[in-house]
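Trainee: no sequence for this one, just the structure:
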């Protein structure tokens, strides 16, 4: 690995695959302007950021870690602005409102929380593993299970075909929403 003085992140050697430096630099510059100006950036935009891979480039693990920290910083800034305008009780009421539709899904029975993959040959996430996380998240929302947002961000489910799995896109969208709430708690 190489590190140049003007690089935001460690540059990989040319024989290694990394994130496109220009794309990452442009995204980080936009994020800095949004943060410095106080306008914010949608947390979903940060979570959905993706960059081309190529020879050399930035170390993906470093960039991904920076994106997680960036999401946390924007969530904290949003929380602080809201609390200063409306009070802390109003903030927690807002989070409870945001969590309400997620709670409905969490309260569904095991094996029924998400749809199955569209085709029996399609890959999905193993239901048992997703259901276990959902039970932990329900306890988290009830204040009974301290969890970090990084536990959810970094979870990996085994893949399975057909009716033993949940649709990956639906589970990922749900996890994005719960991650946003967890990052906002502070």
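Mentor: Okay, I see it. Note that the structure is predicted; figures quoted are calculated from it, not measured.
Trainee: alpha carbons only for contacts and neighbour counts from here, please
Mentor: Fine.
Trainee: quick one, longest helix in this protein?
Mentor: helix 60-86 (DSSP state H).
Trainee: list the buried ones in the helix or strand immediately after it in the chain?
Mentor: Next helix or strand after helix 60-86 toward the C-terminus (DSSP states H and E): helix 88-106. Buried residues in helix 88-106, counted by 16 or more other Cα atoms under 10 Å: 91, 95, 99, 102-103, 106.
Trainee: Just send the residues you listed back as JSON lines, with distance to residue 164 too.
Mentor: Shown next, in JSON lines, are the buried residues of helix 88-106 (distance: Cα to Cα, whole Å):
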{"residue": "91", "distance to residue 164": "39"}
{"residue": "95", "distance to residue 164": "32"}
{"residue": "99", "distance to residue 164": "27"}
{"residue": "102", "distance to residue 164": "22"}
{"residue": "103", "distance to residue 164": "23"}
{"residue": "106", "distance to residue 164": "18"}
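Trainee: out of those, who's nearest residue 169?
Mentor: residue 102 (15.5 Å; Cα to Cα).
Trainee: and the closest one, what does it touch?
Mentor: Applying Cα atoms under 8 Å, 6 or more residues apart in numbering, we find residue 102 in contact with 174, 178.
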